[in-house]
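Q: everything below, folded, please.
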Amino acid sequence: MTRLTRHTVETAPEASKEMLAQTEKTFGFAPGLYQVMAGAPQLFQTYGAIHQAFQKTSFNAKEQTVVWQTINVEHECSYCVPAHTALAGMMNVDPALNEALRNETPLNDAKLEALRTFTLIVVRNRGHVAQADLDTFYAAGYGEQQVLEVILGVAQKVLSNYTNHIAQTPVDPAFTQFTWERSKSEAA
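A: Okay, here's the model as predicted:
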């Protein structure tokens with residue numbers, strides 16, 4: 001049970017009905033996050049637009065997964081980590097990469113590890129990034145565009161992670177096989 005209302009197409013505000021119906025058609029069900037977000041049409045629409053925009057960035061599927069899961073794990077979002085584990089599978093991302101992100105272990109690919117590290121710096125420091133951190137990110141093969149795209153990813157995940165924290169959205173049955181909880185040693 002959530003602490004905020006989970007809407008159906010019938011109970012959602014008029015401005016959310018079509019988007020919620022489209023979500024059900026696309027996924028075969030309406031994810032709990034979307035059911036909650038439907039209560040604020042502007043949030044729901046903005047989240048959908050940011051999600052689509054992030055998918056059109058210069059980041060490939062692996063890099064998108066690195067940004068999303070790094071933020072989900074750092075924010076300890078027990079809803080989004082499983083959801084993005086399933087999404088990564090649909091995007092044909094190597095399950096080993098996803099597991100490393102979920103377990104907060106360094107990535108074997110140096111460029112992806114630089115992306116993970118930079119994303120963590122942005123989140124943990126609330127956007128206050130030292131020049132040395134930018135230089136390290138650039139040396140890994142990224143540029144100013146990717147700095148800005150990480151910010152876009154952070155904005156997207158703040159919307160979903162914070163909504164799930166406040167709502168206490170339960171993991172959807174489609175994602176329960178990917179249930180996640182940060183281990184005590186990782187959280188320390």
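Q: surely residue 89 touches residue 95?
A: Yes - counting by Cβ atoms under 8 Å, residue 89 touches residue 95, with 7.1 Å between them. Quick note: C-beta positions are derived from backbone N, CA and C, even for glycine.
Q: between those two, who's got more neighbours?
A: residue 89 (14 against 10; other Cβ atoms under 10 Å).
Q: show me where pLDDT drops low in this structure?
A: Residues of the chain that meet the criterion pLDDT under 70 lie in 1, 184-188.
Q: name the helix or strand for the residue nearest to the spatial centre of the chain, please.
A: With distances taken as Cα atoms, centre = their mean, the chain has residue 68 as the residue nearest its mean C-alpha position (3.8 Å). Under the assignment given by DSSP states H and E, the secondary-structure element containing residue 68 is helix 61-74.
Q: quick check: next helix or strand after that helix?
A: helix 80-90.
Q: C-alpha coordinates for that next one, PDB please?
A: In PDB, the C-alpha atoms belonging to helix 80-90 read as follows (Å, rounded to 0.1, in the frame of the first residue of the first chain):
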ATOM      1  CA  CYS A  80      13.500   2.200  -9.300                       C
ATOM      2  CA  VAL A  81      16.400  -0.100  -8.900                       C
ATOM      3  CA  PRO A  82      14.300  -3.200  -9.800                       C
ATOM      4  CA  ALA A  83      12.300  -1.300 -12.400                       C
ATOM      5  CA  HIS A  84      15.500  -0.200 -14.100                       C
ATOM      6  CA  THR A  85      17.000  -3.600 -13.800                       C
ATOM      7  CA  ALA A  86      14.100  -4.900 -15.900                       C
ATOM      8  CA  LEU A  87      14.500  -1.900 -18.300                       C
ATOM      9  CA  ALA A  88      18.200  -2.600 -18.700                       C
ATOM     10  CA  GLY A  89      17.300  -6.200 -19.700                       C
ATOM     11  CA  MET A  90      14.800  -4.900 -22.300                       C
END
